[in-house]
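Novice: Need coordinates for the below:
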Amino acid sequence: MCKLVATVSSVTLFIVVWSIFGAGLKDPALPEKRIHRTDAQLSLIISDIRFYPEFLFACYPSQLSLLIRNKIKNAYRCKNSYKMALMYISIILILQSGDCEINPGPTSADGSRNISEPKFPCQICNIPCLWGERAVCCDSCDGWLHVDCVGMKTGAYEILEQHSSCSWICCQCGLPNFASSLFSAGSIDTMNSFSSLDTVDEENHPLASPLATSSPQKRNRNQGKQNVSIDNGNKGHTQEKKKYQKPKNNSYKPMKAMVINFQSIRGKTAELNVSLEVDNPDVLIGCETWIDDTVSSSEIFPNSYTVFRKDRITTKPGYMRGGVMIAVKSTFTCSQRFDLDTNCEIVWIEISITGTKPVLVGSYYRPPSSNRDYLSNLRDSLAKINMSQFSNIWLAGDFNLGDVLWENQTVRAGSNKVTLCKDLIDMSNDFGLEQVVVGPTRGDNTLDLFFIKNPSLVIKSTILPGISDHDGIPLLLINSKPSTTNQKPRKVYLYNKANTTELKNEAQVISNELIDRIDCDGLEVDVNGLWNEFKVNLSSAVDKHVPAKMVRKRQSTPWISHNLKRLHKRKQRAYNRAKKDRYPRRLGKIPATKKTN
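Specialist: As a prediction, this is how the structure comes out:
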């Protein structure tokens, strides 16, 4: 009977509210109208709703009935009165059904209301795996796991997401089923739980050290050292003597490679020596030296470098330009490769690398007025190289092709050397070479290039201030360790501290003995034997009366003072500021600093 009354009351309430708000609904066939009621009429209607069935609001607190009345009143005044009215009518019907709870929560499949465990918990953190999170399901146990809990990489997760046919098994299902006997073998039979374990037979025990094992055992640091007996009062014991060993430093510095366009090296020796002293490159690749065989390499470079040159040979006056060279630290093991030369300005050397194949380094110069045949000669030189014999190939120099955009390997629009630029790009791709110089070296163009076979070894590429019309010098750090030769010290005699009196007397005795032998032997004198005897006796006299010391080859130039190094760094800082800001007033300060050096 109560259910019947509740149902009739709900239907009656729905009809009353519908009659109130139905007049405000839109009719698609009629123009838009809205009936506005006065507040007195509206309050009268709401009061009728309040007392229409008495038990409608009698079973609920007065605050709830007041809230419903206010919501219905506001819903009638707003634009979406129809939707708001239906929402609050539904609330009233739910409350009148008599079967509702405060915050009932989700329901399970069997009808139980409270669920203590999530539906798809993570097998590791026990937190639910939601639709917006990245999770994987095990194909063996059907358990869900978060990607972060499993430690799965993003690439592996994307492969499983794209290929649904792939099978994935969690670690718990993938582990083998160990027998319990393996863990039960750890029980050691003793007299009681507090007994000493010294009486256990370690050799026959199942957990003892095996006779053979695939894993190396930890070695004792003091193993193999001599035991020394030390008497400490009444107590005598043995103590192992520890010998300090200096730790080995296996780290090495990367190689520095510098590319310079000299444009005549004759008058720039001092500035070049300062740059070599401060920047300290291991390999210097230069072009446009403008020198011939009348100029020795020792006149320009310090004795700490070994220089390989190929000067331009010409008989025309005023054409003594061009020329390429490579300077390498004198401690490196290197040699020149004459078999790779062609009819172009290029020189190749081979540098030995520790633990791997050698590196082939080339210096190349292309004159601005040259045609495609000059690049063809370079291609012929590269074709002679057996790539399998070298771990890396370096090719650097001035190519005079600044219209190439090496970021995307295209040619700048409006270039008049499109064919040459494309030939250079195709040649670098055919031989697997990549250009790694970043930044302009003359104006806004990158003329000085550096090609390398393995670009992943390049750690850093910077631009230093130039010493010619090229205002930039590329400097690269390359991860390679060249094989070096230790310099042997040489013996230097200190004649200013020699005992000259004793040396003269002994030299006079040696001379008299030789004259006497010549007089006795006559024509049967052995000249070579007398010379060897004189040389040996005189050398022993010098070693006896003249002190000596062992010295090594000087690797630095002593005339480059600290002030010169400071000015060189000052010039480099000014160049970096000018390159960054592009201010003409700062660009004008760089030549003044350059002259100071």
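Novice: Low-confidence stretches in this protein?
Specialist: Where the chain drops to pLDDT under 70, the residues are 1-85, 95-118, 175-251, 315-320, 521-524, 553-556, 581-597.
Novice: Report the separation between Ser167 and Ser140.
Specialist: 9 Å (CB to CB, to the nearest Å). (Glycine included, C-beta is placed from N, CA and C.)
Novice: For the two, indicate the residue with more neighbours.
Specialist: Under the neighbour definition other CB atoms under 10 Å, Ser167 and Ser140 were set side by side, and Ser140 has more, 13 against 8.
Novice: My reading is that that one lies in a helix. Confirm?
Specialist: No: Ser140 is assigned coil when assessed by DSSP: H, G, I helix; E, B strand; the rest coil, not a helix.
Novice: residues touching Gln435, list them.
Specialist: Counting by CB atoms under 8 Å, 6 or more residues apart in numbering, Gln435 touches Trp406, Ser428, Leu449, Phe450, Phe451.
Novice: What sits closest to Cys137 if chain neighbours are left out?
Specialist: Nearest residue to Cys137, sequence neighbours excluded (CB to CB, 6 or more residues apart in numbering): Trp144, at 5.3 Å.
Novice: And for that neighbour, the neighbour number?
Specialist: Trp144 is flanked by 19 other residues according to other CB under 10 Å.
Novice: who are the neighbours in contact with it?
Specialist: Here Trp144 is in contact with Phe120, Pro121, Cys122, Gln123, Cys129, Ala135, Val136, Cys137, Cys138 (CB under 8 Å, 6+ apart).
Novice: Please apply the same query to Leu340.
Specialist: Residues near Leu340 by CB under 8 Å, 6+ apart: Ile346, Trp348, Gly362, Ser381, Lys384, Ile385.
Novice: which one of those has the most neighbours?
Specialist: For the contacts of Leu340, the largest number of neighbours (other CB under 10 Å) sits with Trp348, at 25 neighbours.
Novice: Would you mark the buried spots in the helix of greatest length in the chain?
Specialist: In the chain, taking DSSP state H as the definition, the longest helix is helix 500-521. Of all the residues in helix 500-521, those buried under the rule 16 or more other CB atoms under 10 Å are Leu503, Glu506, Ala507.
Novice: Show me what that helix is in contact with.
Specialist: By CB under 8 Å, 6+ apart, helix 500-521 touches Val525, Leu530, Glu533, Phe534, Asn537, Leu538, Ala541, Val542, Lys544, His545, Val546.
Novice: now do 7 Å
Specialist: Identification of contacts with helix 500-521 by CB atoms under 7 Å, 6 or more residues apart in numbering yields Val525, Leu530, Phe534, Asn537, Leu538, Ala541, His545, Val546.
Novice: What of stretch 486-493?
Specialist: When contacts are defined by CB under 7 Å, 6+ apart, stretch 486-493 is touched by residues Thr331, Val542, Val546, Ala548, Lys549, Met550, Val551, Arg552, Lys553.
Novice: mind putting these in JSON lines, secondary structure, distance to Ile291 and neighbour count included?
Specialist: Output for the contacts of stretch 486-493, formatted as JSON lines (DSSP: H, G, I helix; E, B strand; the rest coil; distance: CB to CB, whole Å; neighbours: other CB atoms under 10 Å):
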{"residue": "Thr331", "secondary structure": "coil", "distance to Ile291": "25", "neighbour count": "16"}
{"residue": "Val542", "secondary structure": "helix", "distance to Ile291": "41", "neighbour count": "16"}
{"residue": "Val546", "secondary structure": "coil", "distance to Ile291": "41", "neighbour count": "17"}
{"residue": "Ala548", "secondary structure": "strand", "distance to Ile291": "38", "neighbour count": "14"}
{"residue": "Lys549", "secondary structure": "strand", "distance to Ile291": "37", "neighbour count": "10"}
{"residue": "Met550", "secondary structure": "strand", "distance to Ile291": "36", "neighbour count": "9"}
{"residue": "Val551", "secondary structure": "strand", "distance to Ile291": "31", "neighbour count": "10"}
{"residue": "Arg552", "secondary structure": "coil", "distance to Ile291": "30", "neighbour count": "10"}
{"residue": "Lys553", "secondary structure": "coil", "distance to Ile291": "25", "neighbour count": "12"}
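Novice: quick revisit: type out the ChimeraX command that picks the buried ones from the contacts of helix 500-521.
Specialist: Burial among the contacts of helix 500-521 is assessed by 16+ other CB under 10 Å; the matching ChimeraX selection reads:
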select :537,541,545,546
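Novice: In contact with the residue nearest to Thr333 when sequence neighbours are not counted, which residues are there?
Specialist: Closest residue in space to Thr333, ignoring its immediate chain neighbours: Ser352 at 4.1 Å, by CB to CB, 6+ apart. When contacts are counted by CB under 7 Å, 6+ apart, Ser352 touches Thr333, Cys334, Pro358, Pro482, Ser483.
Novice: Lovely, talk soon.
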